[in-house]
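1. show me the folded form of this:
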Amino acid sequence: MAGLHLECSSRCICCERFQEKLKILETNGRRYEVARASPSREGTALLQGRAVCGLCGKQFRIRCTAQRGRLDAWYVCDRAHGYRGEPNCQPIAGPPIDNAFGMPIAEQTTPLTVELTLEIRREEVRHEEADRLRCRAIERAQIEADLAQLRFMLVDPNNRLVAHTLEGE
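-> Residues are numbered from 1 along each chain as shown. Next up, the predicted model:
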């Protein structure tokens, strides 16, 4: 590649870090995909962190209002207002949306599916714990190997019997 000069300065990043940054940029660039990662928080909104505005593609924020002693959620697209001072795109009442999405889910949910879901989660936890234990065992083995190598390196080469024993370990 003629003319390509790579210089390393304090602004260099490793390949893994570069890939992470590319993935973040890719995720941030998706506008209408519901699969955008966003943690849900407390509240009554079913699609919290998942609903996306159909006009601008930004994620809805949740606003809770208390009316007649009831707490209702509203899906509000106010990103343009917060960032550029423009009017809000749209507010949508939460209960009709949540009912439309929640009813099919509730109809398909049976005690068997709930138990199966819980069992799958318990199995995932067991696998995660087994992975942690395997990682600890690998770390211990690495420490033991490093110590054995250190002991071997510290032995006087003239003492062949001790060196041979340590080499075997």
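2. counting by contacts, list what the longest helix belonging to the chain packs against.
-> The longest helix of the chain (DSSP state H) is helix 111-154. Under the contact criterion of 3 or more C-beta pairs under 8 Å, 6 or more residues apart in numbering; DSSP states H and E, helix 111-154 touches helix 160-168. Yep, even glycine has a C-beta here, placed from its N, CA and C like the rest.
3. for the helix it packs on, list the C-alpha coordinates in PDB.
-> Below are the C-alpha coordinates for helix 160-168, written out as PDB (Å, rounded to 0.1, in the frame of the first residue of the first chain):
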ATOM      1  CA  ARG A 160      20.800 -31.800  39.000                       C
ATOM      2  CA  LEU A 161      18.700 -34.000  41.200                       C
ATOM      3  CA  VAL A 162      16.600 -31.100  42.500                       C
ATOM      4  CA  ALA A 163      16.400 -29.600  39.000                       C
ATOM      5  CA  HIS A 164      15.300 -32.900  37.600                       C
ATOM      6  CA  THR A 165      12.500 -33.300  40.300                       C
ATOM      7  CA  LEU A 166      11.300 -29.700  39.700                       C
ATOM      8  CA  GLU A 167      11.400 -30.200  36.000                       C
ATOM      9  CA  GLY A 168       9.100 -33.200  36.400                       C
END
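4. circling back to that earlier point, centre of the chain to the longest helix of the chain, how far?
-> Counting by C-alpha atoms, centre = their mean, to the nearest Å, helix 111-154 is centred 20 Å from the centre of its parent chain.
5. what strand or helix carries residue 72?
-> strand 70-77 (DSSP states H and E).
6. average pLDDT across that strand?
-> For strand 70-77, the mean per-residue pLDDT is 82.
7. what strands line up against that strand, and which way round?
-> Looking at strand 70-77 with DSSP bridges, its partner strands are strand 61-67 (antiparallel), strand 90-93 (antiparallel).
8. what's the angle from the longest helix of the chain to helix 160-168?
-> When axes from the mean of the first three to the mean of the last three C-alpha atoms, to 10 degrees is applied, the directions of helix 111-154 and helix 160-168 differ by 160 degrees.
9. per-domain residue ranges of the chain.
-> Domain assignment of the chain by automatic domain parsing yields the ranges 47-108, 125-168.
10. right, so the ones you listed: which one is the most enclosed?
-> domain 47-108 (a mean of 14; mean count of other C-beta atoms under 10 Å).
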